[in-house]
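Trainee: Could you work out the structure for the sequence below:
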Amino acid sequence: MVLTVLKSDMTKSPGLFNRIASMLEIIETFPDEISDEELEGVLAVLPRDVAPTIRAVMDKDSREVGIAFLKMVASSILGAKRASERGAKVLLIPFNCPPEFLHAFDSAQPITSEVLSTLGVLALEGQGERYWDIAMGLGLPDHMCSANTIELGSVLGGYDFVPDAIVQTAPGGCDVNSKIHEFVSNYHKIPQFILEKPVDDSPKGRALYQKYTKNLISRLEEFLGEELKEEKLRTVIEKANRCTELYYELWDLHKEVPCPVPNLFSLFTYGTRFTMWGTDEGVRVMELMVENVKERLKNKKYPATGEVARTLWVYTSYYFDLANLFIWMQKKGYIHLGDGLDLFFPEPVDTSSMDSMIEGLANAAWNMPMTRQVGGEFMSVSWTEDVIHAARELKADCAVFCGHHACKQTWSVVSILRNELMKRLGIPLLTLHGDSWIKRITPVSVLQKELDDFVRNVVSAKKRRGRRRPSGMKEK
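Mentor: Next up is the predicted model:
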């Protein structure tokens, strides 16, 4: 792994990756079970800024899941830090790149930009904002997406690790993601391997995407000096298939009323998808979540004491304060059924041949969040149909749009989504303004008030009146 460091003392301003890796080395030593007393002792020695996140993730009734999730993330990040020790190369990927095909290479270690940014926001002093400011100081426009610009600002600042290459799968789904990674590639003169989604969603477009996927694998084989082995790929895909089975078990458990699934399991699900899908650690986290929820359902031990509102977040959530969003919602009886990043609808992959597995990988990439919806042939249709399907299946009684300033394309069609939700399902949509990763744009207290007002004055009032029947439905 290449490291780029400025002449000034790195200890004065270490990069985001190095700071996160240092903290995760502590997490790595955690036992699988921790008592309340032991947790308080751990929190006392952890840096002040990481303690609230650890407390939220390690809720008493799902602590085993939280510990497994943190250890899984630690395995991903520390695997990148230690990649050079085993002769592997670090490949930086965006959130919508399926990591499982990279896990199938012995000499590749994937690491996800948005996961690094989110970890920085959750655990570091200043919550990653210094790295956003570095990017702005270099002259990058302020409409860039903080999800990737926070980590890449650290890379551009010269104090952080620089990957050996970038695998870019966002073209066609997220332009700002594509351009910031391209800038980093040019700035540090590192190769970038691109998988572009055709705008054509027909079988012809699918066939072209599969061709692009095969070409990407060939280019990576040449870069890594390693041929993708069929048996190794099959082993990884079989574990990815197990993750897929568990995803749908968790999906079905969300349908229960009251909902037995803790709010944070939404984040845990796509955190697993973006990092360790197709690995033993990923399977373990998914299995533990399903086991935990089934036990809750059996014992009628629901995360929320009373179910006031079942909310489906149609795009992203907010990540700069887990306790004051996910946990606060839970205490209020506001169920977080998932958000747009959960809508990747994985499919079991046929492992009978190399060709069938590569075709499955192409389909997995096609179905990743945003690639599937925002990168669809007709964005408003693709996004709306997925949200309508999720809202109907999960019995949502309201929806929330986290309006991110970088995602101009979603702002252009959210009114269509709002109208379709009301017309077809009779549920309202709340539009929030803010940045998912930067608290100084909109404080969490403002978001809480707007969500609280929406539930009390719209959702609860609508329930008292009786849900409006979607157009075309007759009263029985």
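
Trainee: In the stretch 251-400 of the chain, mark out all the strands, start to finish.
Mentor: Applying DSSP state E, counting those that start in this stretch to the stretch 251-400 of the chain gives strands spanning 309-313, 334-336, 398-403.

Trainee: What of the stretch 51-200 of the chain?
Mentor: 89-93, 108-112, 161-162, 165-168, 192-194.

Trainee: Need the contact partners of the fourth one.
Mentor: By CB atoms under 8 Å, 6 or more residues apart in numbering, the residues outside strand 165-168 that reach it are 89, 91-94, 97, 102, 110, 178, 181-182, 184-185, 190-195, 216, 220, 223. C-betas here are computed from N, CA, C, even on glycine.

Trainee: Distance from it to the middle of the chain?
Mentor: Centre-to-centre, strand 165-168 and its host chain are 18 Å apart (CA atoms, centre = their mean, to the nearest Å).

Trainee: Without its sequence neighbours, what residue ends up closest to residue 188?
Mentor: Among residues not flanking residue 188 along the chain, residue 162 sits closest, at 5.1 Å (CB to CB, 6 or more residues apart in numbering).

Trainee: isn't that neighbour right up against residue 190?
Mentor: Yes. With contact defined as CB atoms under 8 Å, residue 162 reaches residue 190; the gap is 6.6 Å.

Trainee: Which residue of those two possesses the greater neighbour count?
Mentor: Per other CB atoms under 10 Å, whichever of residue 162 and residue 190 has more neighbours is residue 162, with 21 against 16.

Trainee: measure the more buried one to residue 126 for me?
Mentor: Note on residue 162: its distance to residue 126, by CB to CB, to the nearest Å, is 22 Å.

Trainee: Residue 416 too?
Mentor: When residue 416 is compared with residue 126 (using CB to CB), they lie 38 Å apart.

Trainee: remind me which residues of this protein are low pLDDT?
Mentor: Counting by pLDDT under 70, the chain shows low-confidence ranges at 1-13, 47, 49, 466-476.

Trainee: can you rerun that using 50?
Mentor: 1-12, 474-476 (pLDDT under 50).

Trainee: check contacts around residue 224.
Mentor: 89, 105, 107, 108.

Trainee: hang on, the last one packs against residue 92?
Mentor: It stands for residue 108. No. The criterion here is CB under 8 Å, and residue 108 misses it with residue 92 at 11.2 Å.

Trainee: Name the nearest of the contacts of residue 224 relative to residue 408.
Mentor: residue 108 (33.5 Å; CB to CB).

Trainee: Which residues are in contact with the closest one?
Mentor: 88, 89, 91, 102, 220, 224, 226.

Trainee: Next one: the residue lying closest to the second one once chain neighbours are set aside from residue 225, what distance?
Mentor: For residue 89, the nearest residue in space outside its immediate sequence neighbours is residue 164; the separation is 3.9 Å by CB to CB, 6+ apart. In this structure, residue 164 lies at 12 Å from residue 225, with CB to CB as the measure.

Trainee: follow-up on the earlier one: of the strands of the stretch 251-400 of the chain, which stretch is the most buried?
Mentor: Comparing those by mean neighbour count (mean count of other CB atoms under 10 Å), strand 334-336 ranks first with a mean of 27.

Trainee: In the sheet, which strands lie alongside that strand, parallel or antiparallel?
Mentor: Partners of strand 334-336 in the sheet, by DSSP bridges, are strand 309-313 (parallel).

Trainee: what's in contact with the strand it pairs with?
Mentor: Contacts for strand 309-313 (CB under 8 Å, 6+ apart): 257, 259, 329, 333-340, 387, 390-391, 394-402, 455, 459-460.

Trainee: From the chain's centroid, how far away is it?
Mentor: 18 Å.

Trainee: between that strand and strand 398-403, how big is the angle?
Mentor: Using axes from the mean of the first three to the mean of the last three CA atoms, to 10 degrees, one finds that strand 309-313 and strand 398-403 are set 40 degrees apart in direction.

Trainee: Return the members of the contacts of strand 165-168 classed as buried.
Mentor: Buried members of those, counted by 16 or more other CB atoms under 10 Å: 89, 91-94, 97, 102, 110, 178, 181-182, 184-185, 190, 192-195, 216, 220, 223.

Trainee: Next, count neighbours for the spatially closest residue to residue 221 that is not a sequence neighbour.
Mentor: Leaving aside its chain neighbours, residue 221 sits nearest to residue 227 (5.5 Å; criterion: CB to CB, 6+ apart). Residue 227 has 12 neighbours, counted by other CB under 10 Å.

Trainee: In three-state terms, label residue 227 for me.
Mentor: coil (DSSP: H, G, I helix; E, B strand; the rest coil).

Trainee: what do you get for the one 10 residues further on?
Mentor: Secondary structure state of residue 237, per three-state DSSP, is helix.

Trainee: Spit out the contact partners of it.
Mentor: 100, 104, 278, 349, 351, 357, 360, 361.

Trainee: what sits against the first one?
Mentor: For residue 100, the residues meeting the contact criterion (CB under 8 Å, 6+ apart) are 236, 237, 239, 240, 277, 278, 279, 361, 364.

Trainee: and those as JSON lines, adding distance to residue 67?
Mentor: Shown next, in JSON lines, are the contacts of residue 100 (distance: CB to CB, whole Å):
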{"residue": "236", "distance to residue 67": "24"}
{"residue": "237", "distance to residue 67": "27"}
{"residue": "239", "distance to residue 67": "20"}
{"residue": "240", "distance to residue 67": "23"}
{"residue": "277", "distance to residue 67": "19"}
{"residue": "278", "distance to residue 67": "21"}
{"residue": "279", "distance to residue 67": "17"}
{"residue": "361", "distance to residue 67": "30"}
{"residue": "364", "distance to residue 67": "28"}
